[in-house]
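Undergrad: fold the following.
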Amino acid sequence: MGLDDIVLAAEETMEKAVDFLKQEFRAVRSGRASTGLVDTLRVEVESYGTTMSLKELANLAVAEGNVIVIKPFDPGTLKDIQRAIEKSELGINPQNDGKMVRLPVPPLSTERRNQLAARVRQLAEQQKVAVRNARRDANKLLEAGKKAKTLTEDEVESGEEQTQKTTEQYCKKIDAMVEEKSKEIMAV
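TA: A predicted model of the protein is given here:
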């Protein structure tokens, strides 16, 4: 594996970590209603004998500014959807009217805001670890190339520098995402 391939593979892994964090942040509640809170929620559908994401089972919309409306394609899945929401860590009680589920998103208390901000930092730290692991793996591949004499010492040093710069760049991206999401959570 050449120098460019190793550096590119590390960068792709780091990009995946940032993309994953974006998806995770969508599910973290801020003060407003958003379908992103529930669209990736996994629902165990007994009648189908499988687990599906909520957006595969229902239309999702925001009504009245602070209510998420979930209208299932198959009314038989209504109870399964309600059960999945109750089991989730959303902290929202679903209201089932027989045709759809309404999720009234209450304003967050200061204590809950602080908990969510801590959760955001925790999720970010997990992805920073993934970014650093990508750097470590790239450095191992560079050293292996040096031992196998497919890479020169200069190439290895250059690769390590490139990987370190890329790692710092992605860690800064993650920090910026945390700051933005924390502001969103703390906004009243």
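
Undergrad: and I68, which of the three is it?
TA: Here I68 is strand, with the state taken from DSSP: H, G, I helix; E, B strand; the rest coil.

Undergrad: phi, psi for L90 please.
TA: Note on L90: its backbone torsions stand at phi -70, psi -30 [degrees, to the nearest 10].

Undergrad: same check, this time on E46
TA: phi -60, psi -40.

Undergrad: residues contacting the closest residue to it other than its chain neighbours?
TA: Closest residue in space to E46, ignoring its immediate chain neighbours: D80 at 6.3 Å, by C-beta to C-beta, 6 or more residues apart in numbering. Where you see a C-beta, it was placed from the backbone N, CA and C, and this is true even at glycine. By C-beta atoms under 8 Å, 6 or more residues apart in numbering, D80 lies in contact with V43, E44, V45, E46, S47, L57.

Undergrad: where do the domain boundaries of this protein fall?
TA: Domain assignment for the chain by automatic domain parsing gives 3-26+109-186, 35-104.

Undergrad: make CSV from these and add mean pLDDT to it.
TA: Shown next, in CSV, are the domains of the chain (pLDDT from 0 to 100):
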stretch, mean pLDDT
domain 3-26+109-186, 91
domain 35-104, 83
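
Undergrad: and the residue nearest the centre of the protein?
TA: Centroid-nearest residue in the chain: E24, 1.9 Å away (criterion: C-alpha atoms, centre = their mean).

Undergrad: which SSE is that one in?
TA: Using DSSP states H and E, E24 maps to helix 3-26.

Undergrad: ok, and for the next helix or strand after that helix, which residues are buried?
TA: Next along the chain after helix 3-26, taking DSSP H and E as the criterion, comes strand 42-45. By neighbour count on 16 or more other C-beta atoms under 10 Å, the buried set for strand 42-45 is V43, V45.

Undergrad: what are the contacting residues of the next helix or strand after strand 42-45?
TA: Using DSSP H and E, the helix or strand that follows strand 42-45 in sequence is strand 50-53. With contacts defined as C-beta under 8 Å, 6+ apart, strand 50-53 is touched by D39, T40, L41, R42, V43, E44, V45.
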